[in-house]
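Visitor: Dropping a prediction and its sequence here:
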Amino acid sequence: MPMTFYDREGKAVAYAEDDVHIYLYSGRPVGYIVEGSLYSFPGRHAGTIRSGWLRDHEGKIALFTDEATASESAGSLSLPEKQTKPRKLLKKTKPPKGRRELPPTRPEDADSWSELSVETLFRG
């Protein structure tokens, strides 16, 4: 099932067409999903996805998908209005996947937005 990832303003910033590999709309591959954890291609753990909310290592919401609802897992945060999706540019070749690091201990879910950008979230 395809997924679109939105930032705190509701801007579509990334997508996954195969439920695994994540691309920016520029076509740059930035990461992949394994058992609810998101990784950069070098293998750095970027966060977890639960109930449509992508959370960073502090439990803060970094991105959300179409599956997210304001009443589910976001606490007091309201769901931003989704903006029109940009056009997808030609996908670039995926880099090889590095050895995955172990996920950190899952933090408590925070009722706040992460300050991490999608680029920072998936940095190598």
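Guide: That came through, no problem. Residues are numbered from 1 along each chain as shown.
Visitor: Which secondary structure state is assigned to the closest residue in space to Gly43 that isn't next to it in sequence?
Guide: Ranked by CB to CB, 6 or more residues apart in numbering and with sequence neighbours excluded, the top spatial neighbour of Gly43 is Gly98, at 3.5 Å. C-beta: built from backbone N, CA, C; applies to glycine. In three-state terms, and counting by DSSP: H, G, I helix; E, B strand; the rest coil, Gly98 is coil.
Visitor: where's Gly98 relative to His45, distance?
Guide: According to CB to CB, to the nearest Å, Gly98 stands 11 Å off from His45.
Visitor: ok, the two, which is more surrounded?
Guide: The residue with more neighbours, out of Gly98 and His45, is His45; 17 against 13, by other CB atoms under 10 Å.
Visitor: so who does the more buried one touch?
Guide: 37-39, 57, 100-104 (CB atoms under 8 Å, 6 or more residues apart in numbering).
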